[in-house]
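K.L.:
Predicted model and sequence follow; I will ask about them next.
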Amino acid sequence: MRSVTKAYRPISWPTLGAGGDTGSWRVHRPVVNHELCTKCQFCWVYCPEAVIDRKKITIDYRYCKGCGVCAVECPTGAIAMEKEE
Amino acid sequence: MATSIKKLPEIEQVLSGNGACGGCPATMALRMVGKALGPNAIMLLTPACSVASMGMTPKLGYNWPCINITFASAGSSASGISHALEIMQEKGRIEGELPTVFSWVGDGGTYDIGFQALSAAAERNENIIHFCYNNEAYSNTGVQRSGATPRGTFTTTTPTGKRQPKKNMAHMMLEHNIPYVATATVAYPADLYDKVVKAKSIKGMKYIEILAPCYLGWQFDMPDTVQLSRMAVRSGAWLLWEAENGKISFSNPTAHFINGKKTPDQVNEYLMRQGRFSRLLQGPDAKERIAEIQGDVDREIAFMRERAKITI
């Protein structure tokens, strides 16, 4: 008799870059000025893409969509939005 | 006291490079939900922006088992999965802690199309969490009006501005006598995190509604997502509260408005920042229409203040 239970394989797997290299969508690039940065982690918590490193405050430009939320929310103005070349 | 941002866990359940728009409030909120729920959870998605932002098969942008279901069935599908898990545990097929079953649904799937299944699940007190990320329109299909759209809003189906006020869905869920109801928004991530952690620890039906200002639907600049969310709370257009077993307690800064320590900002400034109200503000009867919206906001604050006094 055939077993009733059958394991179904999912059709998708969790992967970085499910929407492609989303960094290519960017019009403005966030640049961190580490001299002004106080490491308050506001940019990390508000980043919708989870591309900001929490400890070093560096940005993964491969996936950053350049929305600019980090630049607006930064309390010391340490993140500037520069036009993408 | 809310959890400090520096103490939030490291875990990321929303993976970088998903298909959401830049500055999307839904992924912003889902990141916080992921930190609170952890990897041991099952996610259900009805047709919404979050399904579109999952990415292209065979890749998935969320680090959970995700199930795509029909629009009307968020409550019933989640109930079924929750029952199945309990039975599998009884038969010894699952060991350890049961995964949290949660549905991640937009305002269309909660307020309008999914309401009857959700209401039935709440009445049966199923062990699930229902998240509604409320962007106040059907943004995924190009901004049509929904039950969550406030008065005066321009959408593609209300070109002269919506004439009716929005529903108070969180209060409606509270009246189902479920163990936990909460409202949150993306500008207060620690508050959202605490509410989800609390919801996870409670057995029974939980409902959490998150205001998500969508820059496409609301027509403001992309970087201002969090600003608009904060302005909505400070003007009283969105109230932050939670209700455990029917007892309402307000979170800051809404608590200050309720106990009268501060007065909320006038709603004008909040409206001016959004393009969806620009036709209303330019019209000849602009003053009366703004007064109507202010009236809706004031009524909601007064109503919730009095409702919170009922604790039996």
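P.N.:
Right, received. Where do you want to start?
K.L.:
contacts and neighbour counts: CA atoms only from here.
P.N.:
Will do.
K.L.:
I'd like the next helix or strand past the helix or strand of chain A with the lowest mean pLDDT.
P.N.:
In chain A, no helix or strand scores lower on mean pLDDT, DSSP states H and E than strand A:13-14, which sits at a mean of 88. With elements assigned by DSSP states H and E, the helix or strand that comes after strand A:13-14 is strand A:28-32.
K.L.:
Against which helices or strands is that following strand packed?
P.N.:
Other elements packing on strand A:28-32 under the criterion 3 or more CA pairs under 8 Å, 6 or more residues apart in numbering or on different chains; DSSP states H and E are strand A:79-83.
K.L.:
State the distance from the residue most central in space within chain A to chain B.
P.N.:
Central residue of chain A (CA atoms, centre = their mean): A:V51, 2.5 Å from the mean position. Using CA to the nearest CA, to the nearest Å, one gets 6 Å for the distance from A:V51 to chain B.
K.L.:
ok, now which ones touch B:E10?
P.N.:
Listed by CA atoms under 8 Å, 6 or more residues apart in numbering or on different chains, the contact set of B:E10 reads B:K35.
K.L.:
The host helix or strand of B:I42 - contacts with which helices or strands?
P.N.:
For B:I42, the element it lies in under DSSP H and E is strand B:41-45. Applying 3+ CA pairs under 8 Å, 6+ apart, we find strand B:41-45 packed against strand B:66-68, helix B:74-90, strand B:100-106.
K.L.:
can we see that at 6 Å?
P.N.:
Contacts defined by 3 or more CA pairs under 6 Å, 6 or more residues apart in numbering or on different chains; DSSP states H and E place strand B:41-45 against strand B:66-68, strand B:100-106.
K.L.:
separation between B:I210 and B:E175?
P.N.:
Using CA to CA, to the nearest Å, we find B:I210 at a distance of 19 Å from B:E175.
K.L.:
which one of the two has more residues nearby?
P.N.:
Comparing B:I210 with B:E175 by neighbour count (other CA atoms under 10 Å in any protein chain shown), the higher total belongs to B:I210, at 24 against 13.
K.L.:
hang on, isn't the more buried one packed against B:A187?
P.N.:
No: the criterion here is CA atoms under 6 Å, and B:I210 misses it with B:A187 at 10.2 Å.
K.L.:
Where does pLDDT dip in the chain?
P.N.:
Picking chain A for this. For chain A, applying pLDDT under 70 flags the ranges A:1-7.
K.L.:
wait, chain B
P.N.:
The model of chain B has pLDDT under 70 over residues B:1.
K.L.:
What parts of it come near chain A?
P.N.:
Contacts of chain B with chain A, taken as CA under 6 Å from any CA of the partner chain, map to B:15-19, B:22-23, B:27-28, B:55-61, B:63, B:223.
K.L.:
Tell me how many other residues crowd B:K198.
P.N.:
For B:K198, using other CA under 10 Å, the count is 14.
K.L.:
Please disregard the earlier target; I meant B:K203.
P.N.:
14.
K.L.:
ok, back up a step: ok, and what's touching the strand holding B:I42?
P.N.:
Contact with strand B:41-45 is made by B:P65, B:C66, B:I67, B:N68, B:P99, B:T100, B:V101, B:F102, B:S103, B:W104, as judged by CA atoms under 6 Å, 6 or more residues apart in numbering or on different chains.
K.L.:
So which of those wins on neighbours?
P.N.:
Greatest neighbour count in these, by other CA under 10 Å, goes to B:F102: 26 neighbours.
K.L.:
Show me what the closest residue to it other than its chain neighbours is bridged to.
P.N.:
Distance criterion CA to CA, 6 or more residues apart in numbering or on different chains; nearest residue to B:F102, sequence neighbours excluded, is B:I129 at 4.6 Å. With DSSP bridges applied, B:I129 shows beta-bridge pairing to B:F102, B:K206.
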